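Asker: Provided below for reference: sequence and predicted model.
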Amino acid sequence: MPNHYFVGDHEYFPGIGNIPYEGRESDNPLAFKFYQRDRLVGGKTMQQHLRFAVCYWHTFCAKGSDAFGTDSQTFPWDTPKNPMMAARARMDAAFEFFTKLGVPYYCFHDRDMAPEGAFVAESERNLATMAAFAKERQDETGMKLLWGTANVFGHPRYMNGAATNPDFAVVTHAAAQVKAALDATVLLGGENYVFWGGREGYSTLLNTDTRRELDHMAHFLELARDYGRSIGFKGHFLIEPKPMEPSKHQYDFDAQTVIGFLRHYGLAGDFKLNVEANHATLAGHSFSHELQMCTDAGLLGSIDANRGDPQNGWDTDQFPTDIYDAVHAMLVVLADGGLKSGGFNFDARVRRESVDLDDIFIGHIGGMDTFARALDVAYRIRENSDLGERKLRRYSSFDSGDGARFEQGEMNLASLRDLAASEHKPVRASGKQEWYENVINQYL
Ligand code: XUL
Ligand code: CO
């Protein structure tokens, strides 16, 4: 990988070189304190474990605006007035950023990369042109695409939903966008393709036929899968659960809802889940709960790494800094054998008030250090404590004898009753929650 990669004669982040590892004693804000790309943790490097990705939308498109105020951040790549020229500049800045940060992956929505045209064919042309540039940049830098997706929630035509819109004409527009985004993802060798159902839900049941909308959504996903497979997409399709925002209720509420939906409609062979930390908290769950539900079902695909704010009930998309939470997440991921074709994508943005250009480096460095540290802690807990064995032992009454016969389906309700009446006396076994919690703190 070239040092200080940038294209042409324009460097968008002058004065910032490739981010080095300097260890926890360093007070350089533009250095990793814990993330060492090539450090081995249990036979795999940190880079191979964590497979970090930068998201195009928050990092290069969002400019600090919120519901109460316009953009607070100005970026040098936004100078060109022509939208396609601006898209080129943004892409050059993006690849310079990815390379200097030292992540292997990125993720994008169609509209992050290329502007919407006046009609479908123009939008397709814009995206195809920009995807071709992205391919060149990938070849030059060695960057890879973790996943692509289509933004079928931002344009006002999608205000009543995309695949679940009551107007069939809107469904066709969503299809056109997803088709083009799949083409771009395949061109770029994307390892996954994501569906986040931004407005796939409802605002009031009074005007909504939920059963019909869910059938439409499932059928749309089948058609997308069939198209993707027909053009050679071999990766996973991923559904990203989120319970609300922007819709009052979204159909992909949480992991268990999505798992039930995929199984009900026979989609679980091609689709897995992309779990986002802040969406878990919006659903009233912990991040690790959502990950656990996916791994139990064999359906953990990828992760959107971020965090919410405990005092706020909305999707603040902050960079992850909570090591305790990240350790719980890494324990689940490591128990599942690690992420396979997924990665940790920073679906996170710096605050509206963070207006310096280096803030986006600092945010990502913090997120990467958080998960590097969590990986190390979780790995040591698994290697050195007997937490895993204790958890297994808790279920040992099912390992042999009648308990094993129960698990094997060799008992009926009456035979269980007879055991209760004769010999099986429950023991008062402590759950030992405090012991487990102290083990985590001991290794932090
Ligand atoms: C929105 C969100 C999206 C998806 C991709 O909350 O998380 O950015 O990750 O559409
Ligand atoms: Co996300």
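Answerer: Received the coordinates, thanks. Numbers count the residues shown, from 1 in each chain. Ligands and ions are numbered 1, 2, ... in the order given.
Asker: where does the residue of the chain found nearest ligand 1 fall, phi/psi-wise?
Answerer: Nearest to ligand 1 in the chain, going by Cβ to the nearest ligand atom, is Trp196, at a distance of 3.5 Å. For every residue, glycine as well, the C-beta is placed using N, CA and C. Dihedral pair for Trp196: phi -100, psi 120, per degrees, to the nearest 10.
Asker: from here on, count from 31
Answerer: Done: numbering now begins at 31, and the last item shifts to Trp226.
Asker: Please report the distance of it from Gln286.
Answerer: For Trp226, the distance to Gln286 equals 17 Å [Cβ to Cβ, to the nearest Å].
Asker: Report the buried residues of the top helix by length along the chain.
Answerer: Ranked by residue count under DSSP state H, the longest helix found in the chain is helix 389-414. Under the neighbour-count criterion of 16 or more other Cβ atoms under 10 Å, helix 389-414 has 389-391, 393-409, 411-412 buried.
Asker: Quick one: list the elements packing against it.
Answerer: Where contact means 3 or more Cβ pairs under 8 Å, 6 or more residues apart in numbering; DSSP states H and E, helix 389-414 is packed against strand 70-71, helix 76-80, strand 82-85, helix 113-131, helix 353-365, strand 374-376, helix 463-473.
Asker: Enumerate the beta-bridge partners assigned to the residue positioned nearest the centre of the chain.
Answerer: Central residue of the chain (Cα atoms, centre = their mean): Asp334, 2.4 Å from the mean position. On the basis of DSSP bridges, Asp334 is bridged to Glu306, Asn375.
Asker: The residue of the chain closest to ligand 1: neighbouring residues, count only.
Answerer: 23 (other Cβ atoms under 10 Å).
Asker: Please see if stretch 138-156 touches ligand 2.
Answerer: No: Stretch 138-156 stays clear of ligand 2 (Cβ under 5 Å from the ion), getting no nearer than 10.4 Å.
Asker: State the mean pLDDT of that stretch.
Answerer: What stretch 138-156 shows for mean pLDDT is 98.
Asker: and that stretch, how far from the chain's centre?
Answerer: The chain centroid and the centroid of stretch 138-156 are separated by 23 Å under Cα atoms, centre = their mean, to the nearest Å.
Asker: And stretch 255-274, by the same measure?
Answerer: On the basis of Cα atoms, centre = their mean, stretch 255-274 sits 14 Å off its chain's mean C-alpha point.
Asker: quick one: buried residues of it?
Answerer: Here stretch 255-274 shows 255, 258, 263, 265-274 as buried, counting by 16+ other Cβ under 10 Å.
Asker: ditto for stretch 154-174
Answerer: Buried-residue list, stretch 154-174, by 16+ other Cβ under 10 Å: 154, 156-157, 160-161, 163-164, 167-168, 171, 173-174.
Asker: Using CSV, write out the CA atom coordinates for that stretch.
Answerer: This file holds the C-alpha atoms of stretch 154-174, laid out as CSV (Å, rounded to 0.1, in the frame of the first residue of the first chain):
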residue,chain,number,x,y,z
GLU,A,154,-28.0,4.3,-13.4
ARG,A,155,-25.4,6.0,-15.6
ASN,A,156,-24.2,8.2,-12.8
LEU,A,157,-23.7,5.2,-10.5
ALA,A,158,-22.1,3.1,-13.1
THR,A,159,-19.6,5.9,-13.9
MET,A,160,-18.7,6.4,-10.2
ALA,A,161,-18.5,2.6,-9.6
ALA,A,162,-16.0,2.4,-12.4
PHE,A,163,-13.9,5.1,-10.7
ALA,A,164,-14.3,3.3,-7.4
LYS,A,165,-13.0,0.1,-9.1
GLU,A,166,-9.9,1.9,-10.2
ARG,A,167,-9.3,3.3,-6.8
GLN,A,168,-9.8,-0.1,-5.2
ASP,A,169,-7.2,-1.6,-7.6
GLU,A,170,-4.7,1.2,-6.8
THR,A,171,-5.1,1.1,-3.0
GLY,A,172,-6.1,-2.6,-2.3
MET,A,173,-9.3,-1.4,-0.5
LYS,A,174,-12.2,-3.8,-0.6
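Asker: need the residues of the stretch 81-230 of the chain near ligand 1, please.
Answerer: 139, 179, 224, 226 (Cβ under 6 Å from any ligand atom).
Asker: Go through these and flag which are in strands.
Answerer: 139, 179, 224, 226 (DSSP state E).
Asker: Now do the longest helix of the chain: distance to the chain's middle.
Answerer: 16 Å.
Asker: Dig out what the residue of the stretch 131-280 of the chain found nearest ligand 2 forms beta bridges with.
Answerer: Nearest residue of the stretch 131-280 of the chain to ligand 2, counting by Cβ to the ion: Glu270, 5.4 Å away. On the basis of DSSP bridges, Glu270 is bridged to Trp226.
Asker: So for stretch 314-321, what gets flagged as buried?
Answerer: Within stretch 314-321, the residues that count as buried by 16+ other Cβ under 10 Å are 315, 317-321.
Asker: quick one: that stretch near ligand 2?
Answerer: No: using Cβ under 5 Å from the ion, stretch 314-321 stays clear of ligand 2, coming no nearer than 12.4 Å.
Asker: what's next to that stretch, contact-wise?
Answerer: By Cβ atoms under 8 Å, 6 or more residues apart in numbering, the surrounding residues in contact with stretch 314-321 are 271, 273, 284-285, 305, 307, 309-311, 313, 330, 333, 355, 358-359, 361-363.
Asker: That one vs ligand 1: in contact?
Answerer: No: applying Cβ under 6 Å from any ligand atom, one finds stretch 314-321 separated from ligand 1 by no less than 13.1 Å.
Asker: residues near Val288, how many?
Answerer: Neighbours of Val288 (other Cβ under 10 Å): 30.
Asker: What is the helix or strand containing it packed up against?
Answerer: Val288 belongs to helix 285-294 when assigned by DSSP states H and E. In this structure, helix 285-294 makes packing contacts with helix 240-260, strand 266-270, strand 301-306, helix 317-326, judged by 3+ Cβ pairs under 8 Å, 6+ apart.
Asker: so which of the ones you listed comes closest to His34?
Answerer: Closest approach to His34 among the helices and strands packed on helix 285-294 is made by strand 301-306 (32.5 Å; Cβ to Cβ).
Asker: Now do that closest one: distance to the chain's middle.
Answerer: For strand 301-306, the separation from the chain centroid amounts to 7 Å (computed by Cα atoms, centre = their mean).
Asker: go on, stretch 279-293?
Answerer: With Cα atoms, centre = their mean, you get 16 Å for stretch 279-293.
Asker: Contacts for it, please.
Answerer: The contact list for stretch 279-293, computed with Cβ under 8 Å, 6+ apart, reads 194, 226-232, 240, 243-244, 247-248, 269-274, 297-298, 301, 303, 305, 309-310, 313, 315, 319-321, 323-324, 327, 329.
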